[in-house]
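K.L.:
requesting a structural model of the entry that follows:
(one chain, ligands or ions: 1)
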Amino acid sequence: MNKIIRTLTFSDEVSLVLIDATDMVNDAIAIHALSAPAAVAFGKAMIAMTYLSGWLKDETGQISANIKGNGEGGTICISGDSSLNMRGTIQNADVHSSEDNVIGHEGYMTIVRDDGYKQPFVGTVAFHDGRIERLFMDYYAISEQLPTYIKEEVLIDENKRCISAVGLFMQAMPGASDSAKMSAYKATESLDGIAAEVREKGAAAYVNEHFPHGDLEERDCAYRCKCSRERIEGLILSMNRAEVEDILLKDGKLNVHCDYCNTDYDFYPEDIEKLFLEA
Ligand SMILES: [Zn+2]
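P.N.:
Got it, this is the predicted structure:
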């Protein structure tokens, strides 16, 4: 299941978003061969970035996060667009300690948000523990000055399959009362077992049961890479022809690997010949 549900709650003073990204996390596990702790951290980062992508206004809008810490997972990059196509990379997917050791206990996250007009917005926030939720809450508090409460759970079974991946996000609307903010804070602090419950009942039923709310807006999201042979061809055409010929001479082919979806694109001498001829 991949779904993002948005509504208003607590007298319409708080926006509530619930994301079920179970299939998305399973796609990430398959593409990157994530260990269980890496799947939890990467999954949580991807759910949070799906939330951020959901606020992009322009249809050409895109957003990316670069999480660079001292953890065993190395750098994690996640990006998304306004259609909620999400993708990401992780330096080391084979982490076998705990979830918070994936990004580590010291580092920075940089968010670049391109709303399709003017200059992209760039926000950087430091982190001092390995918790992804805390990192994104700090980002919202510091860079966007929007108090946001986040609860995320990613459940991985013994066969390294994600059985449920859920994120709950509550953001105070401008002018929200202190009591509405407190209700949002308390809700995210007290709701445990959210992933298991959403798995059992479904996302909409979960929201119905736990929150008074207005209309539910539902959208799909997915792990989807936008690379294609055509795009790679454009990349090759921007290279120096002599440089391309050198690689062909050495390797017999030009291989381009997409780190986001783990796809190899191979170009043989006849492909390159044709490509430059047509251009
Ligand atoms: Zn790709």
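K.L.:
got a pLDDT number for whichever residue of the stretch 51-200 of the chain sits closest to the ion?
P.N.:
Proximity of the stretch 51-200 of the chain to the ion (Cβ to the ion) peaks at residue 87, 7.0 Å away. (C-beta placed from N, C-alpha, C; glycine too.) Model confidence at residue 87, expressed as pLDDT, equals 98.
K.L.:
before we move on, what about residue 188?
P.N.:
Here, the pLDDT recorded for residue 188 equals 86.
K.L.:
that one: neighbouring residues, count only.
P.N.:
Applying other Cβ atoms under 10 Å, we find 19 residues neighbouring residue 188.
K.L.:
quick one on the thing from earlier: identify the residues contacting the nearest residue to the residue of the stretch 51-200 of the chain closest to the ion once chain neighbours are set aside.
P.N.:
Ranked by Cβ to Cβ, 6 or more residues apart in numbering and with sequence neighbours excluded, the top spatial neighbour of residue 87 is residue 260, at 4.2 Å. Shown in contact with residue 260 (Cβ atoms under 8 Å, 6 or more residues apart in numbering): 31, 87, 88, 89, 225, 227.
K.L.:
can you pick the most crowded of these?
P.N.:
Neighbour counts for the contacts of residue 260 were taken using other Cβ under 10 Å; the highest belongs to residue 87, with 26 neighbours.
K.L.:
got phi/psi on it?
P.N.:
phi -160, psi 160 (degrees, to the nearest 10).
K.L.:
now do it against residue 76, distance only.
P.N.:
Applying Cβ to Cβ, to the nearest Å, the value for residue 87 to residue 76 is 12 Å.
K.L.:
same question for residue 155.
P.N.:
From residue 155 over to residue 76 (counting by Cβ to Cβ), the distance is 20 Å.
K.L.:
and those two? Which one has more around it.
P.N.:
For the pair residue 155 and residue 76, the greater number of neighbours falls to residue 76 (26 against 20), based on other Cβ under 10 Å.
K.L.:
for the more buried one, give the beta-bridge partners.
P.N.:
residue 67, residue 90 (DSSP bridges).
K.L.:
and if you look at the one 10 residues further on?
P.N.:
Residue 86 forms beta bridges with residue 80, residue 223, as assigned by DSSP bridges.
K.L.:
from what I can see it touches residue 224, true?
P.N.:
Yes. Between residue 86 and residue 224 there is a contact at 7.0 Å, judged by Cβ atoms under 8 Å.
K.L.:
so where do the helices sit in this protein?
P.N.:
22-32, 36-53, 100-103, 132-142, 178-190, 194-201, 203-210, 229-237, 241-251, 269-278 (DSSP state H).
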